[in-house]
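Q: fold the following and give me the result.
(2 chains)
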Number of protein chains: 2
Amino acid sequence: MRWWGWGVDERAVRLPAHALDLLRTELGISGERRPHVTLEDVSLPEPALPERLRVRLARVVGEENVRQDRRARVEHAVGKSYTDLVRIRSGDGSSAPDAVVLPGSAREVEEVLAALDEHEAAAVPFGGGTSVVGGVEPLRGGFRAAVTLDLSRMRRLAAVDRSSLTATFEPGATGPRAEALLASRGLTLGHFPQSFEHATIGGFVATRSAGQASTGYGRIDELVRGVRLVAPAGELALRALPASAAGPALRELVVGSEGTLGVIVEATLAVRPLPRARRYEGWSFRSFEEGREAFRAMEQAGCAPDVARLSDEEETRVNLALASSGSLADRAGRAYLRLRGHEGGCIAIVGFEGPSDDEVARRRARAATHLRRGGGLPLGASPGRSWLRSRYSAPYLRDELLDLGVLVETLETATTWSRLDELYRAVGRALRDALAARGTPPLVTCHISHLYPSGASLYFTFLARQERGSELEQWRAAKAAATEAIVAGGGTITHHHAVGRDHAPWLTREIGELGVEALRAAKERLDPRGIMNPGKLLPG
Amino acid sequence: MRWWGWGVDERAVRLPAHALDLLRTELGISGERRPHVTLEDVSLPEPALPERLRVRLARVVGEENVRQDRRARVEHAVGKSYTDLVRIRSGDGSSAPDAVVLPGSAREVEEVLAALDEHEAAAVPFGGGTSVVGGVEPLRGGFRAAVTLDLSRMRRLAAVDRSSLTATFEPGATGPRAEALLASRGLTLGHFPQSFEHATIGGFVATRSAGQASTGYGRIDELVRGVRLVAPAGELALRALPASAAGPALRELVVGSEGTLGVIVEATLAVRPLPRARRYEGWSFRSFEEGREAFRAMEQAGCAPDVARLSDEEETRVNLALASSGSLADRAGRAYLRLRGHEGGCIAIVGFEGPSDDEVARRRARAATHLRRGGGLPLGASPGRSWLRSRYSAPYLRDELLDLGVLVETLETATTWSRLDELYRAVGRALRDALAARGTPPLVTCHISHLYPSGASLYFTFLARQERGSELEQWRAAKAAATEAIVAGGGTITHHHAVGRDHAPWLTREIGELGVEALRAAKERLDPRGIMNPGKLLPG
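A: The predicted structure is shown next:
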């Protein structure tokens, strides 16, 4: 993974000329490129790891697994949020950990935490490092040092229970590795967040992630059956059970704990037979509202596809403009939409996976009934294929946009169907107003990406010209305005990005003071000294 | 509700002669009846409510809603477990509350708790009083008095959100009342535990209950979207959200809290359109194992019905014997099963509900494919109708059996499919061995009643001749043996009855010491003096 951006160099994206023109026109950017600093130019604080602690850690995990070199520290200094990248690209490595430790087993995690607890150093669990909310940035929280626990060595598929359709993973297995290990057994987890290629099982569980196919496969919190957490105060082992009435569900305390209670060392997840057939396709709706109501009807009738995404008018417009090839097929497509009264409308992607073509066709037919009834126009498989090809490419595009001086950020929420429209409008308005007020009027696009019987998620992307020298203030103004609108509108402060550092100030608005106190109480019991991922999740 | 048993007198059940003969033969009971004591003969402790507290409570809820009369105290002295009934029938009212308070609003609950907290009196929330694990028995927990909060006045349907398919209830609405209020709006909650007729929304949520149709409609924990808890330390209000990644799910701390954290004053639940069609039917399998595998295949293929129950060979035998009318149809049915090689096999009930006959037929056809493939033989709608008629009658039969000196108890667990058979055998063996060792060899029957992709529940019923004078010791021996077998076999100590008083000693085996500590920490924060339902859920 590139320390200053996303993924690997070979898959870097360059904006085509017509896309750059669009951004020039709509955002007022110059088109001039501003590269990031070199690795050597990143400024790092002196490592503050006491030598006695270093020696003890090395005894636990081996010398080669205690890293203090420049690359290791920079690679673990930040996650992959917009502000993380703005800072690291400019050479600000002030948040780098004092050391990166790579434990190889749950036992080693336990011993590492014991050492850190005794030496009063902060412990920062790190899976794929893909947090977009500041979840993996080492904050000291008043401790003398911060040590990142990189879990990439713990990446085994520990057990498969074929008859119960569960698989037990160590936390460091990345999405592709987990899927490859399962695929060789004819199984899949079906969890495909945009960060899939680098994110890990432990990260999924720690952040309550939702994948692109979670409408069908379920969010990670719906897939976790059992979990083991190593905390400074001991181990919390919750065995895999299909259901239980034995009091509050402690599994739900560990899931979403974001490294603040301990390290997730194992998770048992529901898996499914690997699908043998799939169909992804596009639909058009005359408006976002029309599409939303069709999606609601489909979901509430129990006919939802595995992937269901509906772009609003603006996202549809921008996507079409960016993708436009000017080809004959392209123009014919637009003419068709115009003819059917769908010009300026919204495009949806729906995807079905299953054991056979017949089964997929059967499900598709049921969903299609609702989509047609709701005003939808089928666009065939081509938009579906196109979406599948580019499903993980947005973070690459972000690197390109950062080079071009574009503020590019996403944020997400969810609420009930009855409040969805109002929330959608309020958040869009808040972003547009906040950025226009700074002289950088944005493009704000949105899609619905996860359906539930009682509501849906909203995923916003906004682009604006960066304010040179005030990039972080500019972002903070937009983020604060959007989050205030979310809280006021009855949305959750995060549907799948988690709380981390960025949403922590709003957690009290989400769960109330007593809710925060309940979490604090649990944390104090599991992590009495408070060394686990300080400054995250809980408000300061 | 009868204070010494279940339900109302008009629906009392008398065992037919052939059934009584069967119990005489198989359990060795005499057939002699032993009635319960009269209300006047129940011994009650002197009420220990300080007069100042009584006056203050009356100021909050009104004089008429602070009850200290004999009937009110006896009716709230115990729940409806076997041991509860054995004790109260014998005249032991030692656990009666010092007063029963009936708050009329969340605000009154808040003020009642403030008064009890200040006066250091235990607070025992009480919905329908149907707990079978000692959940509503007032225990003092070292406090000077115990006051039951009967929530039956708080029974409003506070809001319906049609577009999001949610309904917000006060806690005291009983199952039938909630369904009637929803039905008038064309909706249903679809939650039908055996206690349905008397249990309440608040009780469902507080105990993580599962209803008979939860395979299709989902357990209550899957239906709760938002919840409000009034605790001594304040209010925890979690708004209705379809999903969230905002840290640990606190909703899952409230759901299943069994009155130990506070009083659930409101719950927002997912509802569905009232089904317009249904089909319930019987199937036969040659063995429990064969039926279990067919159920697993059906569930894992996503084709499960709303109700799915599979009796083991013994339950099938006893049910057939008890229901046997000796009629021609009856004998013809048996001959048919014999002819098809299903004699001595297992009967299953599967039920489908939906918006139309077509939709029900479509679902039924898909499920039937799996049941047939797994060796199932369809028995038509008659067994389904018969099951529907008697779905809530078991507790009435229990009263009759208690009159006849029969130990009659149920217990339930759940585990993964891969461990289900071993657990089934181990629990049955433990019950048979424990009771045989006391000279009262039991009938032990079992059914699978809730299906999940990763496992299923097991519901055991056991009958034995009561040991006169040692009824409670006899029960304790059987219960302890079964629960040890459950814990050792990887089952949960309770799938839907909750923990209460009876399962609390085993909670540590379920969630570990650190898990118990995490719960204690949350409780101490929400209920600093520990007045909420002492002696329940958490081990002593």
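Q: residue of the stretch 251-400 of chain A with the smallest distance to chain B?
A: The shortest separation between the stretch 251-400 of chain A and chain B is 3.5 Å, found at A:E252 (distances taken as C-beta to the nearest C-beta). Where C-beta positions appear, they are placed from N, C-alpha and C, glycine not excepted.
Q: would you check how far apart the nearest residue to that residue once chain neighbours are set aside and A:R276 are?
A: Computed as C-beta to C-beta, 6 or more residues apart in numbering or on different chains, the closest residue to A:E252 that is not its neighbour in sequence is B:E252, at 3.5 Å. When distances are taken as C-beta to C-beta, to the nearest Å, B:E252 and A:R276 turn out to be 35 Å apart.
Q: who's more crowded, these two?
A: When neighbours are counted by other C-beta atoms under 10 Å in any protein chain shown, B:E252 comes out ahead of the other of B:E252 and A:R276, with 23 against 13.
Q: A:P176: what's it in contact with?
A: A:F196, A:E197 (C-beta atoms under 8 Å, 6 or more residues apart in numbering or on different chains).
Q: 6 Å instead, please
A: By C-beta atoms under 6 Å, 6 or more residues apart in numbering or on different chains, the contact set of A:P176 is A:E197.
Q: per-domain residue ranges of chain A.
A: The domain map for chain A lists A:36-150, A:157-273, A:277-389, A:394-502, with the assignment taken from automatic domain parsing.
Q: I'd like these as CSV, with distance to B:I347 appended.
A: Below are those laid out as CSV (distance: least, C-beta to C-beta, whole Å):
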stretch, distance to B:I347
domain A:36-150, 46
domain A:157-273, 23
domain A:277-389, 28
domain A:394-502, 33
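Q: please identify the deepest-packed of the ones you listed.
A: Ranked by mean neighbour count, those are led by domain A:157-273 with a mean of 24 (mean count of other C-beta atoms under 10 Å in any protein chain shown).
Q: returning to what we had before: tell me which element the residue nearest to A:E252 is part of?
A: Secondary-structure element containing B:E252, defined by DSSP states H and E: helix B:251-254.
Q: kindly export that helix (C-alpha atoms) in CSV.
A: Presented in CSV, the C-alpha positions along helix B:251-254 are these (Å, rounded to 0.1, in the frame of the first residue of the first chain):
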residue,chain,number,x,y,z
ARG,B,251,-29.5,-1.4,22.1
GLU,B,252,-28.1,-4.9,22.6
LEU,B,253,-27.2,-4.0,26.2
VAL,B,254,-30.8,-3.0,26.9
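Q: quick check: mean pLDDT of that helix?
A: Along helix B:251-254, the predicted confidence averages to a pLDDT of 98.
Q: who touches it?
A: By C-beta under 6 Å, 6+ apart, helix B:251-254 touches A:P248, A:A249, A:E252, B:V227, B:L229, B:L238.
Q: nearest to B:R59, of the residues you listed?
A: For the contacts of helix B:251-254, the closest approach to B:R59 (C-beta to C-beta) belongs to B:L229, at 23.8 Å.
Q: what are the pairing partners of the helix or strand containing the closest one, and which direction each?
A: Under DSSP H and E, the secondary-structure element containing B:L229 is strand B:224-231. According to DSSP bridges, strand B:224-231 has the following sheet partners: strand B:234-238 (antiparallel), strand B:263-270 (antiparallel).
Q: in TSV: these, plus mean pLDDT.
A: Listed next are the strands paired with strand B:224-231 as TSV, based on pLDDT from 0 to 100:
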stretch	mean pLDDT
strand B:234-238	98
strand B:263-270	98
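Q: how about these, which one is nearest B:P97?
A: Proximity of the strands paired with strand B:224-231 to B:P97 was assessed by C-beta to C-beta; the nearest stretch is strand B:263-270, lying at 14.9 Å.
Q: next secondary structure element downstream of the closest one?
A: Scanning forward in sequence from strand B:263-270 by DSSP H and E, the next helix or strand is strand B:272-273.
Q: indicate whether that following strand makes contact with chain A.
A: No - under the criterion of C-beta under 6 Å from any C-beta of the partner chain, chain A is not reached by strand B:272-273; the shortest gap measures 8.0 Å.
Q: after that strand, which helix or strand is next?
A: Elements were assigned by DSSP H and E; along the chain past strand B:272-273, the next helix or strand is strand B:277-285.
Q: helices or strands up against that following strand?
A: Counting contacts by 3 or more C-beta pairs under 6 Å, 6 or more residues apart in numbering or on different chains; DSSP states H and E, strand B:277-285 packs against strand B:346-354, helix B:357-373, strand B:377-380, helix B:382-389.
Q: identify, from the contacts of helix B:251-254, the entry nearest to A:G344.
A: Proximity of the contacts of helix B:251-254 to A:G344 (C-beta to C-beta) peaks at B:L238, which lies at 39.4 Å.
Q: does the closest one have any beta-bridge partners, and if so which?
A: Applying DSSP bridges to B:L238 yields these beta-bridge partners: B:V227.
Q: that one and A:A206, how far apart?
A: 21 Å.
Q: got it, and A:A323?
A: The gap separating A:A323 from A:A206 is 35 Å, by C-beta to C-beta.
Q: just the CA atoms of the helix or strand of chain A with the lowest mean pLDDT, as PDB, please.
A: For chain A, the helix or strand with the lowest mean confidence is helix A:328-339, at a mean of 80 (criterion: mean pLDDT, DSSP states H and E). In PDB, the C-alpha atoms belonging to helix A:328-339 read as follows (Å, rounded to 0.1, in the frame of the first residue of the first chain):
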ATOM      1  CA  LEU A 328     -22.300   6.200 -30.700                       C
ATOM      2  CA  ALA A 329     -23.500   3.700 -28.100                       C
ATOM      3  CA  ASP A 330     -23.100   6.400 -25.500                       C
ATOM      4  CA  ARG A 331     -25.200   8.900 -27.400                       C
ATOM      5  CA  ALA A 332     -27.800   6.200 -28.300                       C
ATOM      6  CA  GLY A 333     -28.100   5.400 -24.600                       C
ATOM      7  CA  ARG A 334     -28.800   9.000 -23.700                       C
ATOM      8  CA  ALA A 335     -31.300   9.400 -26.600                       C
ATOM      9  CA  TYR A 336     -33.100   6.300 -25.300                       C
ATOM     10  CA  LEU A 337     -33.400   7.700 -21.800                       C
ATOM     11  CA  ARG A 338     -34.600  11.000 -23.200                       C
ATOM     12  CA  LEU A 339     -37.200   9.300 -25.300                       C
END
